[in-house]
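In: Prediction below, plus the sequence it came from.
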Amino acid sequence: MAPAAGGKPKAKKKWSKGKVKDKAQHAVILDKAISDKLNKDVQSYRLVTVAVLVDRLKINGSLARRCLKDLEERGIIKKVVGHSKLNIYTRAIAAEE
């Protein structure tokens, strides 16, 4: 009997290795330079979340959560939405009525 499809067999598909993302080297301790930048820049941010601080200041998530809690206690930012997974803050306006 002859094979049903008479032709050459196709070459085996070569799978790509995929893109490898570089490991982020974020700070785990709040040093003087990061602390100064945090206090100066956060007042101008309209939206402040953990992800915003991680992205802009290159600190890790647990440190960003601690910073947010500290900034809220000092009155620099105020909480808009509080949730167990995501807290959203905004800058505190000085003359609040």
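Out: Looks like it came in fine. Quick caveat, the model's predicted, so the values are computed rather than measured. Numbering: from 1, shown residues only.
In: low-confidence ranges in the protein?
Out: For the chain, applying pLDDT under 70 flags the ranges 1-7, 94-97.
In: try 50
Out: By pLDDT under 50, the weakly predicted segments of the chain are 95, 97.
In: ok, which stretches of the chain are helices?
Out: Taking DSSP state H as the test, the helices found in the chain are 32-41, 50-57, 61-74.
In: Quick check: which of those is buried the most?
Out: helix 50-57 (a mean of 18; mean count of other Cβ atoms under 10 Å). Placement of C-beta: from N, CA and C, glycine included.
In: and it, what other elements does it pack with?
Out: On a contact count with 3 or more Cβ pairs under 8 Å, 6 or more residues apart in numbering; DSSP states H and E, helix 50-57 meets helix 32-41, helix 61-74.
In: out of these, nearest to Lys8?
Out: Checking those against Lys8 by Cβ to Cβ gives helix 61-74 as the closest, at 54.1 Å.
In: Taking the centroid of the protein, which residue is nearest it?
Out: Nearest to the mean C-alpha position of the chain, counting by Cα atoms, centre = their mean, stands Ala51 at 3.1 Å.
In: ok so, going back, output the helices and strands packed on helix 50-57 in a markdown table, with distance to Gln25 appended to each entry.
Out: Output for those, formatted as a markdown table (distance: least, Cβ to Cβ, whole Å):
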| stretch | distance to Gln25 |
| --- | --- |
| helix 32-41 | 13 |
| helix 61-74 | 13 |
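In: closest to Gly18 out of those helices?
Out: Closest approach to Gly18 among the helices and strands packed on helix 50-57 (Cβ to Cβ): helix 61-74, 25.0 Å.
In: before we move on, back to that, right, and the helices and strands packed on helix 50-57 - which one's nearest Ile93?
Out: Going by Cβ to Cβ, the one of those nearest Ile93 is helix 61-74, 14.4 Å.
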